[in-house]
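In: show me how the following folds:
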Amino acid sequence: MNASRHGLRPGFPLILTISALAVFLTLLWLGDWQMRRLAWKEDLLARIAALQTAPARPAPDVLSLDGDHAFVRVAATCQSAPELKGAPSLYRYAVADGAIGWRRLGICRLAGSRYDGILVDRGLIPAFAGKTSPLPQRFPQIGSVVGILREPGSRPWLGSAVMSRGGGMIVVRVIDAETLADLATRAGLKRPAPLLLAAEHETPPPIGLQPRALPGDIPNNHLAYAVTWFALAGILLWFYLAMLIQRYRR
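Out: Model prediction:
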């Protein structure tokens, strides 16, 4: 490339400049993304803090309203119904106290709502702690439940949300919107709510399940991450300018 024809001084590091600019902009984008995550996390923590004293609202009433119902405490009396023949046992992968864990999923049939029921995360199964896979096990139907409404997560970037099917079980690693609807339908619901109900406690309490609706400690390190990315961008800019100054002093 003829640098003088493009108005550049001879020896101008064009490729290096383009590469440095790309990295610099990427670092700025990462810093901005962490700042947006910080705002999201602070809102999340504020909602969780408000839950500590929030009374439980009737689930059919809440679900019949439009709006954002994530992290709302609700109470539901589940309608008894014959167990769907051939319905699989539903499990979700979890990490509990640093070890592999498995959470049991079930359904709560509702009356007086636009939905006929909701998928419920009933809690951890202590007997399965540390096991590489769960075992098919039946638990009694849910009588009544108080818990926290949760939005489904994002679809996994790689692989399927479902870890395995068969043997009377469906085991998932995450619950995105599509997986939530599929599990609820397979469990017998026709119009499942688009939210997950994380149980805080059930009546009667099921033996062998340990409800854990929210993690005990939710870290919030996004500001530190943002500062790190912005600092790296500043360091890169400083080195690049120092290189140019040194180059043209020769």
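
In: any low-confidence regions in the chain?
Out: Low-confidence segments of the chain (pLDDT under 70): 1-11, 82-86, 215-217, 250.

In: so what are the domain limits for it?
Out: Following automatic domain parsing, one finds the domains of the chain at 7-40+221-249, 56-203.

In: can you pull out the strands in the protein?
Out: Taking DSSP state E as the criterion, the chain carries its strands at 57-58, 73-77, 89-96, 99-109, 117-124, 144-150, 162-166, 169-172, 192-203.

In: off-centre distance for the fifth one?
Out: Spelled out, that is strand 117-124. 15 Å (CA atoms, centre = their mean, to the nearest Å).

In: by contact count, what packs against that strand?
Out: strand 89-96, strand 99-109, strand 144-150, helix 177-186, strand 192-203 (3 or more CB pairs under 8 Å, 6 or more residues apart in numbering; DSSP states H and E). Bear in mind the C-beta positions are built from the backbone N, C-alpha and C, glycine included.

In: cutoff 7 Å now
Out: Helices and strands touching strand 117-124, by 3 or more CB pairs under 7 Å, 6 or more residues apart in numbering; DSSP states H and E, are strand 89-96, strand 99-109, helix 177-186, strand 192-203.

In: so what's the residue nearest to Pro126 when sequence neighbours are not counted bridging to?
Out: Excluding the flanking residues, the one nearest Pro126 by CB to CB, 6 or more residues apart in numbering is Gln210, at 5.6 Å. Gln210 has these beta-bridge partners by DSSP bridges: Leu124.

In: pick the most buried one from the domains of the chain.
Out: Ranked by mean neighbour count under mean count of other CB atoms under 10 Å, the domains of the chain are led by domain 56-203, which reaches a mean of 17.

In: that one: end-to-end distance?
Out: One end of domain 56-203 to the other measures 14 Å (CA to CA, to the nearest Å).

In: is it true that the residue nearest to Pro126 touches Asp121?
Out: No: look at Gln210 against Asp121 with CB atoms under 7 Å: they stay out of range, at 11.6 Å.

In: can you tell me the centre-most residue of this protein?
Out: Nearest to the mean C-alpha position of the chain, counting by CA atoms, centre = their mean, stands Gly153 at 4.1 Å.

In: on the strand side of things, show who that one bridges to.
Out: Asp176.

In: could you do Arg109 as well?
Out: Beta-bridge partners, per DSSP bridges, of Arg109: Gly117.

In: TSV for the domains of the chain, including distance to Ala46?
Out: Shown next, in TSV, are those (distance: least, CB to CB, whole Å):
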stretch	distance to Ala46
domain 7-40+221-249	11
domain 56-203	10
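
In: figure out which of those is closest to Ala50.
Out: domain 56-203 (8.0 Å; CB to CB).
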